[in-house]
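S.K.: sharing a model prediction with you, sequence too.
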Amino acid sequence: MKINFKNILIALIEKEFKSYLRSINNFMNMIVFMIAIIILFPLTVGPSEEKLTLVSNAIVWIALIVSIIPTLDKIYISDFKNGWLEQYYYSPLLLEIIILIKCFVFWFFLIIPLTIFIPIFSILLNISFLIIFWNIIIFAIGSLGFCLIGSICSSLTLGTKSNNLISPLLILPLAIPIFIFGNGVVEAVKSNYDPLPNLYLLITVCLILLIISPLISAYSIKIALTK
Amino acid sequence: MINYLANPNRFLNFIKPIEFSIGVFSFFFIFIGLYLSLFNSPEDYQQGDTVRIMYIHVPFAWFASFLYLSISIASIFFLIWRHPFADIIARSVAPLGLIFSILTILTGSLWGKPMWGTWWVWDARLTSMLILCIFYFAYIGISNAFPRQIDGSKPAAILAIVGMVNLPIIKFSVDWWNTLHQPASIIRFDGPSINQEMLLPLVIMLLGFLFMSIFIILINIKTNLIYKKYQSEIIKLG
């Protein structure tokens, strides 16, 4: 096999896909966690419909975000332990590009499948179809930004004693713009305004992260490898 | 000057004679400032005596964000010139900044209860201050999360620089969004809009807080230097 950019890309995606396929348990855990949250909310808030319609959209979002966060900080940890990251570091491809590919693969194979569950949960909580449609769009875009933030945080915490407490602290403040603009879109749809300005801002945040995140992650991975 | 002071021993020799006087200055200014603000400043025509919380709330808030800025600048120095002393300064500033940001939120909510009727609202200024507090927590957490303390310096420095995004948001949140928190009244293009008699105690309090934070940071730097020497002695002994 010739060594060129295309072949390396295909091999990388194949390797990532296989590793996600083998750790399918993580994915199942996320789904079980989401279902648990969706069931717990109506039980704790109370089954009355007026109360639930106020918070139903937030419940879906909280279920998605809380179930994603534990996997977000483990993007690099297994590669770091196996020594794959060193191989990436010495490979002819730039580390930044490899990180970008890894984030895209993580997003595409682990996060995008979760969009299937948005309509199911939304119907359970009586959310209208228009908002379900926008929710799926926002989640697809916003989760890419979320993955890129997760890439920064998981590369910063490589080699820590226990990285379970710090990562949510790192992820949440950085992810606030995504929540604000995503919520802005839904609020605009609910009150019949134009949702596009907020959507454009959300896309802007994700594009900025797309530029910054690989640079920061590559720098902190280099630091982690030279320890 | 910076090059000269970047050596720990020279720095310790430099601060030895002035350290005590800085402490005295801070005590003096805070004492006078507290006296002026509690007994010798006018009541607000709307808020009455509650306005006196402002004289500690504003210095806490300013120094919480200034100290974060100084951490970020020290982190930039550390990442570019790799001088370990910049890292020690950043580490020494962080706990003080965390305490200041927590006290900002506490005094603010004590002030907010009688004035706004709630302890807390999710408006832009308050939320961004809370995020600053979380960034301090994350900075301290990540700088101590590694088995060897020195390994945590660079990730923490990167985090400090990333968190700088929050500082302009805190400053301009009252202008960009329609908030319950009042807009800026001291640093404005058209000069301070605050009453002169209220400005004087506030400025004295700010000076007192400046000296106090320098004094505490110097103590922290000395402690961290001693700890570092102790660790290197342990490594030498094996």
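M.R.: All right, it came through fine. Numbers count the residues shown, from 1 in each chain, chains lettered A, B, ... in the order given.
S.K.: what about B:W122, which SS state?
M.R.: Here B:W122 is coil, with the state taken from DSSP: H, G, I helix; E, B strand; the rest coil.
S.K.: and the pLDDT at it?
M.R.: Reported pLDDT at B:W122 in the predicted model: 87.
S.K.: and the helices in the chain, which stretches?
M.R.: Defaulting to chain A. Residue ranges of the helices in chain A, as given by DSSP state H, are A:5-22, A:24-45, A:49-72, A:77-82, A:84-90, A:95-106, A:117-124, A:129-156, A:166-190, A:196-225.
S.K.: my question was about chain B
M.R.: For chain B, the helices defined by DSSP H occupy B:2-5, B:8-39, B:54-81, B:84-116, B:124-143, B:153-162, B:166-176, B:196-237.
S.K.: list the buried ones in the least confident helix or strand in chain B by mean pLDDT?
M.R.: Of all helical and strand segments in chain B, the minimum by mean pLDDT, DSSP states H and E falls on helix B:2-5, at a mean of 75. Residues of helix B:2-5 include none that count as buried (16 or more other CB atoms under 10 Å in any protein chain shown). C-beta: built from backbone N, CA, C; applies to glycine.
S.K.: ok, residues contacting it?
M.R.: Helix B:2-5 has contacts (CB atoms under 8 Å, 6 or more residues apart in numbering or on different chains) with B:R10, B:F11, B:F14.
S.K.: B:L159: which of those residues is nearest?
M.R.: Of all the contacts of helix B:2-5, B:F11 has the smallest distance to B:L159: 25.4 Å, by CB to CB.
S.K.: hmm, that closest one is touching B:F85, no?
M.R.: Yes - B:F11 is in contact with B:F85 according to CB atoms under 8 Å; the separation is 7.4 Å.
S.K.: coming back round to it: would you turn the helices of chain A into TSV with mean neighbour count and distance to B:I161?
M.R.: Formatted as TSV, the helices of chain A follow (neighbours: other CB atoms under 10 Å in any protein chain shown; distance: least, CB to CB, whole Å):
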stretch	mean neighbour count	distance to B:I161
helix A:5-22	13	29
helix A:24-45	14	31
helix A:49-72	18	21
helix A:77-82	15	23
helix A:84-90	15	22
helix A:95-106	20	18
helix A:117-124	17	35
helix A:129-156	22	12
helix A:166-190	20	13
helix A:196-225	18	9
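S.K.: tabulate these (TSV), appending mean pLDDT and distance to chain B.
M.R.: Putting the helices of chain A into TSV (pLDDT from 0 to 100; distance: least, CB to the nearest CB, whole Å) gives the following:
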stretch	mean pLDDT	distance to chain B
helix A:5-22	87	24
helix A:24-45	87	19
helix A:49-72	85	13
helix A:77-82	87	13
helix A:84-90	89	15
helix A:95-106	91	15
helix A:117-124	88	25
helix A:129-156	91	4
helix A:166-190	88	4
helix A:196-225	93	5
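S.K.: so which residues on chain B come close to chain A?
M.R.: B:131, B:134-135, B:137-138, B:141-142, B:145-147, B:151, B:154-155, B:158-159, B:162-163, B:166 (CB under 8 Å from any CB of the partner chain).
S.K.: weed out the non-buried ones from these.
M.R.: Buried members of the residues of chain B next to chain A, counted by 16+ other CB under 10 Å: B:131, B:134-135, B:137-138, B:141-142, B:145-146, B:151, B:154-155, B:158-159, B:162-163, B:166.
S.K.: using CSV, write out the CA atom coordinates for the least confident helix or strand of chain B.
M.R.: Provided in CSV are the C-alpha atoms of helix B:2-5 (Å, rounded to 0.1, in the frame of the first residue of the first chain):
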residue,chain,number,x,y,z
ILE,B,2,12.3,41.7,35.1
ASN,B,3,15.4,39.7,34.2
TYR,B,4,17.1,40.8,37.4
LEU,B,5,14.1,39.9,39.6
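S.K.: could you count how many residues lie near B:S128?
M.R.: Using other CB atoms under 10 Å in any protein chain shown, B:S128 has 24 neighbouring residues.
S.K.: what residues are up against it?
M.R.: B:N166, B:I169, B:I170, B:S173.
S.K.: just those: which has the poorest pLDDT?
M.R.: For the contacts of B:S128, the weakest pLDDT value sits at B:S173, with 83.
S.K.: on that earlier part again, let me know which of the helices of chain B is tucked in deepest.
M.R.: Counting by mean count of other CB atoms under 10 Å in any protein chain shown, helix B:153-162 has the highest mean neighbour count of these, with a mean of 24.
S.K.: looking just at contacts, which helices and strands does that helix meet?
M.R.: In terms of contacts (3 or more CB pairs under 8 Å, 6 or more residues apart in numbering or on different chains; DSSP states H and E), helix B:153-162 is packed against helix A:129-156, helix A:196-225, helix B:54-81, helix B:84-116, helix B:124-143.
S.K.: I'd like those as JSON lines, with distance to A:E49 appended.
M.R.: Below are the helices and strands packed on helix B:153-162 laid out as JSON lines (distance: least, CB to CB, whole Å):
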{"stretch": "helix A:129-156", "distance to A:E49": "16"}
{"stretch": "helix A:196-225", "distance to A:E49": "27"}
{"stretch": "helix B:54-81", "distance to A:E49": "43"}
{"stretch": "helix B:84-116", "distance to A:E49": "32"}
{"stretch": "helix B:124-143", "distance to A:E49": "30"}
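S.K.: mind checking which of these is nearest B:G208?
M.R.: helix B:54-81 (7.8 Å).
S.K.: now the angle from the closest one to helix B:8-39?
M.R.: Going by axes from the mean of the first three to the mean of the last three CA atoms, to 10 degrees, helix B:54-81 is angled at 160 degrees with respect to helix B:8-39.
S.K.: and helix B:54-81, average pLDDT?
M.R.: 93.
S.K.: could you find the closest non-adjacent residue to residue 75?
M.R.: Answering for chain A, as no chain was given. Spatially, and ignoring its direct neighbours in sequence, A:I75 is nearest to A:S154 (4.6 Å; CB to CB, 6 or more residues apart in numbering or on different chains).
S.K.: you answered for a different chain; I wanted chain B.
M.R.: Per CB to CB, 6+ apart, closest to B:S75 is B:A157, 3.6 Å.
S.K.: related to what we said a few turns ago, nearest to A:F17, of the helices and strands packed on helix B:153-162?
M.R.: Nearest to A:F17, of all the helices and strands packed on helix B:153-162, is helix A:129-156, at 15.5 Å by CB to CB.
S.K.: helices or strands next to that closest one in the packing?
M.R.: helix A:49-72, helix A:95-106, helix A:117-124, helix A:166-190, helix A:196-225, helix B:153-162.
S.K.: and the closest residue to A:I65 other than its chain neighbours, what does it touch?
M.R.: The shortest distance from A:I65 to any non-neighbouring residue, by CB to CB, 6+ apart, is to A:F146 (7.6 Å). By CB under 8 Å, 6+ apart, the contact set of A:F146 is A:I65, A:I68, A:L72, A:I111, A:I171, A:A175, A:I178.
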